[in-house]
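**Q** Predicted model and sequence below, questions to follow.
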Amino acid sequence: MKKIFVFFSIIFIIAVVLSLLVTFSQKVSLGEKVAVIEVTGMIVDASNTIDELKDYAKDASVKAIILRINSPGGAVAPAQEIYNEILKVKEKKKVIVSMGAVAASGGYYIAAPADRIVANPGTLTGSIGVIMELPNVSGLMEKIGIQTQVIKSGRHKDLASVFKSLTPQEREILQAVLDDVHDQFIEAVSQARDMKFDDIKELADGRIFTGKKALELGLIDELGNMEDAIMIAGKLSGITGEPHVVTRKEKFSIFDLLKGQFPEKLFGSAFSGIQLKYLLKF
């Protein structure tokens, strides 16, 4: 019994020491670094990305930040929040975007304010537009004999309900909302890329472009892969030689179970994707 206790005590001590070493290596400045923040999948929440941007902005050893984007877009507000945070970070450090397979719509929106945008020739980007998808199950409900009774305080309170078709006036209201957000998208890209509003508007019909075509149109700055983006970040920030790259990997631990985060980590993305179908999105 005593031997078992000693064995597990040693394992525990080793785990604590390793954890402290990892934390120490992340906190201590070990030369000039380039930090990589990954934005992957649908953009449904900005908090993690913004936290990383703020942390690296405060870290004196991090000289530049790379956003590695592999995203087809997402909800409007989170993309706008990330965009605005990048503008703040740029006052302190260089921000470079490296586009992966796809950085379209909201993925391009958050890329636009970077100091330099790097994409592969075959990257799919652009898709400057806004969409709202509204299911309509009224026909099905009528077939199976189910009716909904709505009690509301305003004429348009059940606007975009899945249980009825849009009236012409409701469609006009929603179209006005989409047009407004679309103009916000165009204006954001225009300002970030220092291009004329009308020039961006010509490209802003939702179409996608390859990285090669986006370069011709001025939507990105150069062609290259992630390694090229790292070297560009080092050069722009004055790092001599090859930069030391740091990144934060989200890990699941037993403590997440105790904090009740297990279901969210396993299923959060799936549920967010379902909810996103009912949102205005890039």
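**A** Here it is on my side, so go on. Numbering: from 1, shown residues only.

**Q** Could you pull up the residues touching the residue nearest to Ala114 when sequence neighbours are not counted?
**A** Of all residues not flanking Ala114 in the chain, Val97 sits nearest, at 4.1 Å (CB to CB, 6 or more residues apart in numbering). Using the backbone N, CA and C atoms, a C-beta is placed for each residue, glycine as well. Val97 is in contact with 66-67, 69, 103, 111, 114, 116-118, 229, counting by CB atoms under 8 Å, 6 or more residues apart in numbering.

**Q** where does Val97 land in three-state SS?
**A** strand (DSSP: H, G, I helix; E, B strand; the rest coil).

**Q** likewise the one 5 residues further on?
**A** Assigned state for Val102: strand (three-state reduction, three-state DSSP).

**Q** quick one: pLDDT of Val22?
**A** For Val22, the model assigns a pLDDT of 52.

**Q** do the same with Gly268
**A** Value for Gly268, per-residue pLDDT: 44.

**Q** Check the one 4 residues further on too.
**A** Among the per-residue scores, Ser272 holds a pLDDT of 41.

**Q** hmm, back to that, the residue nearest to Ala114 bridge partners, please.
**A** Beta bridges link Val97 to Leu67, Ile117 when assigned by DSSP bridges.

**Q** Can you report the mean pLDDT over the residues of stretch 72-80?
**A** For stretch 72-80, mean pLDDT is 94.

**Q** swap that for stretch 166-183, please
**A** In this model, stretch 166-183 has an average pLDDT of 92.

**Q** Could I get the buried residue list for it?
**A** By neighbour count on 16 or more other CB atoms under 10 Å, the buried set for stretch 166-183 is 166, 170, 174, 181-182.

**Q** Which member of those is positioned nearest Ala46?
**A** Val181 (16.3 Å; CB to CB).

**Q** Quick check: that closest one touching Val130?
**A** Yes - between Val181 and Val130 there is a contact under CB atoms under 8 Å: 4.8 Å.

**Q** For the protein, just list every one of the strands.
**A** Ranges of strands within the chain are 33-40, 62-71, 94-104, 116-119, 124-126, 131-132, 208-210, 222-223, 244-247, 280-281, based on DSSP state E.

**Q** quick one: contacts for Phe282?
**A** Shown in contact with Phe282 (CB under 8 Å, 6+ apart): 43, 73-76, 79, 105-106, 109, 129-131, 185.

**Q** Let me fix that, I meant to ask about Ala112.
**A** By CB under 8 Å, 6+ apart, Ala112 lies in contact with 83, 188-189, 192-193.

**Q** try 10 Å this time
**A** Residues near Ala112 by CB atoms under 10 Å, 6 or more residues apart in numbering: 83, 86, 97, 128, 185, 188-193, 195, 200, 219-220.

**Q** quick one: which of those has the most company?
**A** Counting neighbours by other CB atoms under 10 Å, Ile220 leads these with 29 neighbours.

**Q** In the chain, what helix or strand scores lowest on average pLDDT?
**A** Lowest by mean pLDDT, DSSP states H and E among the helices and strands of the chain is helix 262-276, with a mean of 42.

**Q** Quick check: chain neighbours aside, which residue is closest to Asn70?
**A** Nearest residue to Asn70, sequence neighbours excluded (CB to CB, 6+ apart): Gly100, at 3.8 Å.

**Q** ok, now Ile131?
**A** The shortest distance from Ile131 to any non-neighbouring residue, by CB to CB, 6+ apart, is to Lys281 (6.2 Å).
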